[in-house]
Each structure stands twice: as structure tokens, then as C-alpha cells.
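the following block contains a protein sequence and its predicted model.
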Amino acid sequence: MDTLTHALSGALVGRVFAERRAGAAAAAPAAGRVQPPVWQMVAAGTIAAIFPDLDFVLGWVSELTYLRGHRGVTHSLLLLPLWGLLIAWPLARFWQRGGRVAAGWRSFYPVVCAAIFVHILGDLITQFGTMILAPFSDQRFGWGTTFIIDLPFTGILLGGLLASALWRNSRVPATAALVLLVGWVGVHAMGRAEAIDAARAYAAAKGIAAVEVDAAPRPASPFNWTAIVFDGERYHYAHINTRRSEPLVATDDDNFIRRFSAPYLPVAMAQWEVRERFGNGSMRALAEQVWNAEDFAFYRWFAMFPVLDHAGEEGDGSVCASFKDLRFVTPGRGREPFVYGLCNMAGGWRLFEREADGLRWIDVR
């Protein structure tokens, strides 16, 4: 999920954890503990929910460091209690020094941990992959139910916060919004199951011995998917809408949601494409050599549905091969991200990312 959505989810969690305020009596210690004001709980939840995405600083080290470390230790369930302490304690100290409230860090610790947990859940429902067992394992987990930017998802969070502002003494609006979010993700899970069923039906109809069947979420609708079948050598994939019976026609004058959704055809009209993992021409040997190269280990770890993007001689005379991941092949997108490859040059392999205007060399150190 994007950072704004994470921030809104943390604010909503903060409102759920905040106790009802009833005038001056609410500021008095209860059982020896002072309950922070609602605004501080909301602020604590927001800050905590943003925290895991601070791993963007890894990009200051190098691009590969970021790619290897993003959604790593800051998104770890194992380290979550530690992160909760490291955020709750300075927040309590900051507000104590301001003389606003004498609440200790234990008052903020539950909401901070809950907000970080909700951030991790928000990333787990996408397909990018989250290393929830870091630093002991770099395995990426992802349920793949939801596209990384989902406007209704963000809208539910925003609506819950606005309703909470209108009914300030009630936690019901915030709680109801979180429950509604669970239901919305459930709708996405239903769409995913339907897309996978469509992929299995295609494989059975074509007599394909499927090694892997999956589906990648797409924008604009919980029923827009890229259904994927892998037979061990080739990827078969189609952009489908599992609930559509007729194609959706969109023009340049239509709103962006309709234009984004139009390429996804009804299952019965799906246009299946086939891509060889390593290609089938004279450059197949080069593609396999690049794929198995030591300098390309990071991409073997990162990619879920890798296919050959390009192989051959570049303008400078070097021979190169690059791969892309079908996770990021979205209709209407000018150029897919995360297209990496190696060139066989005089000094050995050299890593690059293929961009719209050519190759961008990357230092592997």
C-alpha cells in the first residue's frame, strides 16, 4: 500500500484505541494511569503506521540495497515489539516535556504496535512481498488480494476518520470502517479465487500440465486480474475481469477508472498470451546464462513470474539479456518497472535496468 493509506490506517487505529473523553474527569488518572487525549492517540497511530516505510533511506545506499531491503526489518513481525517500544517511548517523552499530558510510554505502546501491525497487514494483502520473518529469513510473503493502490480502500479509511471527527465521543465510526475494510479485502479475495479458477479452466481446456497457477491483482476493480499459468517452460497469461459478461468500451474522454478497467475482458473472451521464460530463438542460451549468473541472484530472489524481456546486441556492440516480472505487466502502462539484465562486456557481466530511453548501468557493490 502507499504511505498515505498506511498513515490513514494508523490514524483510524489510534481512534479505536482512544478512550472516550468526558470533560475534565477524563484527564484524571484512572487506576494510577493517565489516558492520553484522543488527538495524541491518533497522532501516535499515524506516526507508527508511517514508520515501516522509512526503509526508503536504503535507496541512499544503493538501488539494489533498497530492492533487497524494502519491506524488510521494519516490516518484521518478529521485531514489531521492539519497534513499538522505540516509537512509544520517545513520543511519551516528547509530550511529557510539552506539559500536555503525563501519560507514560505504556499508554502509547498498544496503539503503536497495533498501527505497525496494520501497516504490515496492508502490505501483505498486496503481491510485492513482505519479509515478515526478517532478519532471520528473507522470504517474501504476500496474499496478493489487492492492488498496491486501491482508491475504495483508501476512501473507507478516510470516511471512517471523517465520521469519527463528527462523532467525537464514539469509537463506533472508526471500528465500523475497519470492519468494512476487512469485508472489502474479502471481496478482493473472492475475485482472486475466481481468476485462479479461470486460469485452471484454461489449462485444463488446453491440456496444459500446469506447474503453477496464480493471479496478479490489477487496478480499478477487485475483479480485474492477470491470470497466470506456468507449465515449466512458458507462461500463459490473460488480463480478465471475472464478473464481466461484455467488454467495457472506453474512450480518451472517459474517466481514468473506466480507461484503466477497459483492457480486462470477460473470462469467456480472454486473449491468452504465451511467453517463453527464456525465449525460443538463438539467444535462449544467452538468456539462460544471464538468469543463472551470480550477479543476477537478486532478481531470481525478487521475481515471481520472470520472462525474457529482450536479448541481443545493443548499440554499443555488447550482448545483453534482460528479464521482466509479469506481476508488473499492467495494460496501458508505458513501461514496466523492475526490468533488469546483464551485458557481457570485456570486463565481465555488467548489471543494468532497462528504461524507456535505454540502459541504466547499476553498481552491484
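The structure has been received and is ready for your questions.

show me where this structure has strands.
212-217, 224-230, 234-241, 265-266, 273-276, 306-313, 319-325, 340-345, 348-355, 358-361 (DSSP state E).

what is the neighbour count of the residue nearest to W361 when sequence neighbours are not counted?
Distances taken as C-beta to C-beta, 6 or more residues apart in numbering place F352 nearest to W361, at 5.3 Å, with adjacent residues excluded. Backbone N, C-alpha and C define where each C-beta goes, glycine included. Counted with other C-beta atoms under 10 Å, the neighbours of F352 add up to 19.

before we move on, what about F278?
22.

may I have the phi/psi pair for the closest residue to G232 other than its chain neighbours?
What sits nearest to G232 in space, not counting adjacent residues and going by C-beta to C-beta, 6+ apart, is V211, at 4.7 Å. Main-chain torsions, V211, degrees, to the nearest 10: phi -90, psi -30.

residues near V211, how many?
Using other C-beta under 10 Å as the criterion, V211 is surrounded by 11 other residues.

L286 now?
Neighbours around L286, by other C-beta under 10 Å: 20.

got it, and F136?
By other C-beta under 10 Å, 10 other residues sit near F136.

any idea how far the nearest residue in space to it that is not next to it in sequence is from V13?
In space, F136 comes closest to L78 once its chain neighbours are excluded; the distance is 6.8 Å by C-beta to C-beta, 6+ apart. For L78, the distance to V13 equals 20 Å [C-beta to C-beta, to the nearest Å].

quick one: which of these two has more around it?
V13 (29 against 13).

the more buried one is in contact with V118, isn't it?
Yes: if you go by C-beta atoms under 8 Å, V13 and V118 touch, sitting 5.4 Å apart.

anything in contact with each of these two?
Residues touching both V13 and V118 (C-beta atoms under 8 Å, 6 or more residues apart in numbering): A49.

what domains does the record give for the protein?
What automatic domain parsing lists as the domains of the chain is 3-143, 195-276, 284-361.

include mean pLDDT when you put the ones you listed into a markdown table, please.
Shown next, in a markdown table, are the domains of the chain (pLDDT from 0 to 100):
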| stretch | mean pLDDT |
| --- | --- |
| domain 3-143 | 87 |
| domain 195-276 | 94 |
| domain 284-361 | 88 |
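
show me what the top helix by length along the chain is packed up against.
Longest helix of the chain, by residue count under DSSP state H: helix 172-206. Packing contacts for helix 172-206, counted by 3 or more C-beta pairs under 8 Å, 6 or more residues apart in numbering; DSSP states H and E, involve helix 3-17, helix 151-166, strand 212-217, strand 224-230, strand 234-241.

return the most buried member of these.
strand 224-230 (a mean of 26; mean count of other C-beta atoms under 10 Å).

other residues contacting it?
In contact with strand 224-230 (C-beta under 8 Å, 6+ apart) are residues 191-192, 195-196, 198-200, 202-203, 208, 210-218, 235-242, 261, 264, 270, 305, 326, 329-330.

repeat that for 7 Å
By C-beta atoms under 7 Å, 6 or more residues apart in numbering, the residues outside strand 224-230 that reach it are 191-192, 195, 198-199, 202-203, 208, 210-218, 235-242, 261, 264, 305, 326, 329.

quick one: it to strand 306-313, angle?
Inter-element angle recorded for strand 224-230 and strand 306-313: 80 degrees (by axes from the mean of the first three to the mean of the last three C-alpha atoms, to 10 degrees).

between the helices and strands packed on helix 172-206, which one is nearest to L181?
For L181, the closest of the helices and strands packed on helix 172-206 is helix 151-166, at 5.4 Å, according to C-beta to C-beta.

give me the contact list for that closest one.
Applying C-beta under 7 Å, 6+ apart, the set of residues contacting helix 151-166 is 5, 8-9, 11-12, 15, 146, 173-174, 176-177, 180-181, 184.

same question for stretch 263-282.
198, 202, 218, 224, 233-242, 244-247, 284, 287-288, 291, 306-308, 311, 331-332.
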